[in-house]
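**Q** here is the input, now give the coordinates:
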Amino acid sequence: MEKLIELGILHPPELLPTYCDDAAARQRLVQVRKLPLSALYQETPQ
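**A** Numbers count the residues shown, from 1 in each chain. Predicted coordinates:
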């Protein structure tokens, strides 16, 4: 990816989601990344 950025093919995002600034949200993302995909499936959204 770094090479693609250097070549001008990829560009970093101009805006980042606000959850990137929230320590609690970042911690939840760390925990979710450890789960198997099947643990994230919901038959109906909540």
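**Q** neighbours around residue 25, how many?
**A** Residues lying near residue 25 (other CB atoms under 10 Å) number 13. (C-beta placed from N, C-alpha, C; glycine too.)
**Q** gap between it and residue 11?
**A** Using CB to CB, to the nearest Å, we find residue 25 at a distance of 24 Å from residue 11.
**Q** first to last residue in stretch 3-21, what's the distance?
**A** Using CA to CA, to the nearest Å, one end of stretch 3-21 lies 27 Å from the other.
**Q** list the contacts of that stretch.
**A** 1, 25-26, 29 (CB atoms under 8 Å, 6 or more residues apart in numbering).
**Q** is the residue nearest the centre of the chain part of a helix or strand, or is it coil?
**A** Using CA atoms, centre = their mean, the residue of the chain that lies closest to the mean C-alpha position is residue 29, 7.4 Å off. Here residue 29 is recorded as helix under DSSP: H, G, I helix; E, B strand; the rest coil.
**Q** so what's it closest to, chain neighbours aside?
**A** Using CB to CB, 6 or more residues apart in numbering and skipping the chain neighbours, the partner closest in space to residue 29 is residue 19 (7.8 Å).
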